[in-house]
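K.L.:
With the input below, show me the fold.
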Amino acid sequence: MAVIALGPCAALAQPAKVYRVGFLGTASASGYQREVEWIRDGLRRFGYEEGKNVAIEYRWADGSAERLRQIAGEFVAANVDAILVHNIPGALAASRATSTIPIVMADGADPVAAGLAASLARPGGNITGSTSFVPEESVKRLELLKQLAPAVRRIAFLSTASPPPAFTVTRKALERSAASMGVAIHDFPVRDPAALPEAFRAMGAAAMDGVLVNNEPVLNAQANVIAALASLARLPSAGYPTFADAGGLIAYGASRPALYGRAGYFLDRIFKGARAGELPFEQAAKFDLILNQKTARALGMAIPSTLRLRADRIIE
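P.N.:
Okay, the predicted model is just below:
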């Protein structure tokens, strides 16, 4: 019987591949520290540790569309194994930069409406990931705000008015719901976070008595500022799931730890050879209602028992 002798180098186990991921952040790093940790938690569940078998390059556009496009191009030039985004603008920038590198969306509005996917079940192209129900969530926040503060009649809608497809759908859904509740929605768009104080001064001048914060990365990253300005203006406020922790009155929406953590699943499938466009988009399954009792007391409001029973968490 022939015996094949292996040299010392051949006998050694080959080093594990280190997968390279480019994280394309629309907002700023300071406002997304928890989301980054949720992504890491999700990767760990599938056996990936940064610095061992996965390397993630985090780059942030700080709200600049031009910078978003630039970063996407940089990741394509670096030939990363996947690009991870956290909203529709990031996904659009990445998809315009490459049709071959897999793109995973950790969170975002409807990718079909944005022209990124043929359908949720069969995206096609090179993108997959998780999507939340942005218009429905916004309507639910309006309903919760009206339930907790029945006297509100003139509600400010704080947004950047972009991206156009998602914003238009959300705005129309809010308008329909507001009409049925007997309230009026007034737009207060801000293109730059530095304009937030002026936006709240304008709300005061226009006699607004409540504020809805649109779910957008640029605004999410300014949660503490927005909550403080709403408190100073004595405006009951409602926003995305992390908003109450920042001091906002009401937070409602798809569970962000679940959405961002799920990115690990999609990246794992892609690393193992799956084509992104053949992996169905997943719609958010868990929704959180968080109420801030401290903020309610400061506004002289009482949280109804019906809302208390429905809340996933109450910040005392």
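K.L.:
Alpha carbons only: can I get stretch 23-38 in PDB?
P.N.:
The C-alpha coordinates for stretch 23-38 follow below in PDB (Å, rounded to 0.1, in the frame of the first residue of the first chain):
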ATOM      1  CA  PHE A  23     -20.900  49.000   6.900                       C
ATOM      2  CA  LEU A  24     -22.400  52.000   5.100                       C
ATOM      3  CA  GLY A  25     -23.800  54.300   7.800                       C
ATOM      4  CA  THR A  26     -26.100  57.100   6.700                       C
ATOM      5  CA  ALA A  27     -26.000  59.100  10.000                       C
ATOM      6  CA  SER A  28     -23.200  59.400  12.600                       C
ATOM      7  CA  ALA A  29     -21.400  56.800  14.600                       C
ATOM      8  CA  SER A  30     -22.300  58.500  17.900                       C
ATOM      9  CA  GLY A  31     -26.000  58.000  17.300                       C
ATOM     10  CA  TYR A  32     -25.800  54.300  16.400                       C
ATOM     11  CA  GLN A  33     -23.600  52.700  19.000                       C
ATOM     12  CA  ARG A  34     -26.400  50.300  20.200                       C
ATOM     13  CA  GLU A  35     -27.300  49.300  16.700                       C
ATOM     14  CA  VAL A  36     -23.600  48.300  16.000                       C
ATOM     15  CA  GLU A  37     -23.600  46.200  19.100                       C
ATOM     16  CA  TRP A  38     -26.900  44.500  18.000                       C
END
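K.L.:
Give me the distance from that stretch to the chain's centre.
P.N.:
Put simply, stretch 23-38 sits 10 Å off its chain's centre (Cα atoms, centre = their mean, to the nearest Å).
K.L.:
State the mean pLDDT of that stretch.
P.N.:
Averaged over stretch 23-38, pLDDT sits at 93.
K.L.:
Need the residues that contact that stretch.
P.N.:
Stretch 23-38 has contacts (Cβ atoms under 8 Å, 6 or more residues apart in numbering) with 39, 56-63, 68, 71-72, 75, 83-87, 89-90, 93-94, 106, 217-218, 220-223, 242, 256-257, 260-261. Every C-beta, even on glycine, is put in place using the N, C-alpha and C of the backbone.
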